[in-house]
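J.: I'd like to go over a predicted model; first the sequence, then the structure.
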Amino acid sequence: MKILLVDDEEELVATLAERLSFRGIEADFATTGEEALSLAEKHTYDLAILDMKMPKLSGLELMDKLKQIQPNLKFGFLTGHGSEQDFHATCDKGSCFYLVKPVDFEDFLHKLNEIGATTHE
């Protein structure tokens with residue numbers, strides 16, 4: 001499975017991508033919505049994990065645009081700006097999960113396992 005991580009906190013997404021690679025999970029990252037859209041036009045992803053609040057494009061707006069490029073893409077949200085309203089908005093749009101930062105990496109991996117993002121070969 002291939003994952004696209006999108007968050008305006010570059011250190012966070014770079015570290016997450018690296019830690020996922022240590023677990024055998026392929027992950028690309030972007031720090032802007034525009035960069036994420038460009039990656040989605042060039043590569044096929046199974047799962048996109050988005051921040052809710054980013055400059056220019058919110059996570060929900062980016063989700064809609066990514067769905068236009070890759071209709072079968074699954075989504076999760078990892079945000080530092082969690083609210084019950086945002087949680088319901090992401091669920092209504094079909095998000096697989098919604099986690100609030102800081103998140104425990106093992107909890108994050110558990111969510112990925114639940115949706116089949118990790119493989120044990």
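T.: It's in.

J.: Flag the shaky bits of the protein, pLDDT-wise.
T.: Scanning the chain with the threshold set as pLDDT under 70 gives 81-96, 117-121.

J.: quick one, helices of it?
T.: With helices called from DSSP state H, the chain shows them at 10-22, 33-42, 59-69, 84-92, 105-114.

J.: buried stuff in stretch 6-13?
T.: Within stretch 6-13, the residues scored as buried using 16 or more other Cβ atoms under 10 Å are 6-7, 12-13. Yep, even glycine has a C-beta here, placed from its N, CA and C like the rest.

J.: closest to residue 104 among these?
T.: residue 12 (13.9 Å; Cβ to Cβ).

J.: Look up phi and psi at the spatially closest residue to that closest one that is not a sequence neighbour.
T.: Closest residue to residue 12 apart from its sequence neighbours, by Cβ to Cβ, 6 or more residues apart in numbering: residue 101 at 7.7 Å. Residue 101 adopts backbone torsions of phi -70, psi 150, taken as degrees, to the nearest 10.

J.: Next up, the contacts around residue 101.
T.: By Cβ atoms under 8 Å, 6 or more residues apart in numbering, residue 101 lies in contact with 12, 78-80.

J.: cool, and residue 37?
T.: Residues in contact with residue 37 (Cβ under 8 Å, 6+ apart) are 62, 65-66, 69.

J.: For the residue nearest the centre of the chain, list each beta-bridge partner.
T.: The chain has residue 49 as the residue nearest its centroid, 0.5 Å off, counting by Cα atoms, centre = their mean. Here residue 49 sits in beta bridges with residue 5, residue 76, as judged by DSSP bridges.

J.: you'd agree it is up against residue 2?
T.: No - in this structure, residue 49 is not within contact of residue 2 by Cβ atoms under 8 Å, at 11.8 Å.

J.: Reformat the helices of the chain as CSV; add distance to residue 53.
T.: Listed next are the helices of the chain as CSV, based on distance: least, Cβ to Cβ, whole Å:
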stretch, distance to residue 53
helix 10-22, 13
helix 33-42, 11
helix 59-69, 7
helix 84-92, 9
helix 105-114, 19
